[in-house]
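1. Here is my input, please return the structure:
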Amino acid sequence: MKDKTVCVVGLGYVGLPLAEAFSKHLKVIGFDIDEEKTRNLGNNNNNKEDSIEFTADPSKIKHADFVIIAVPTPVTKSNLMRQTCDM
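-> Numbering: from 1, shown residues only. I've put the predicted structure just below:
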């Protein structure tokens, strides 16, 4: 497994810690559509033991063996009503 690459799509409050945890054991591609966020994360990645590449380039995703999607579920009127009725 050491030679496998994981891509975490979405570097928010779930995706970023997940990407950082995986990067301690595997190569990681951290993808987010926010170019400024990925640039800042890449510039602030001082831990050389981590094997993580931050990017906003979607073509990098295809280099991963595994892809984890960590994006928020949109809250809409229809699924808000469904949640209320299920309670």
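
2. what residues are up against Lys37?
-> By CB atoms under 8 Å, 6 or more residues apart in numbering, the residues touching Lys37 are Leu11, Ala56. For glycine as for every other residue, the C-beta is placed from the backbone atoms N, C-alpha and C.

3. how much space between it and Leu18?
-> Distance, Lys37 to Leu18, by CB to CB, to the nearest Å: 15 Å.

4. and what of Ser59?
-> Distance check for Ser59 against Leu18: by CB to CB, it reads 22 Å.

5. When these two are compared, which one has more neighbours?
-> Leu18 (19 against 7; other CB atoms under 10 Å).

6. Tell me how many other residues crowd Thr73.
-> Neighbour count for Thr73, taken as other CB under 10 Å: 6.

7. in the helix or strand where Arg39 lies, what's buried?
-> Following DSSP states H and E, one finds Arg39 within helix 35-43. By 16 or more other CB atoms under 10 Å, the buried positions in helix 35-43 come out as Lys37, Thr38, Leu41.

8. Could you do stretch 58-66 as well?
-> Neighbour-count burial for stretch 58-66 flags Lys60, Ala64 (criterion: 16+ other CB under 10 Å).
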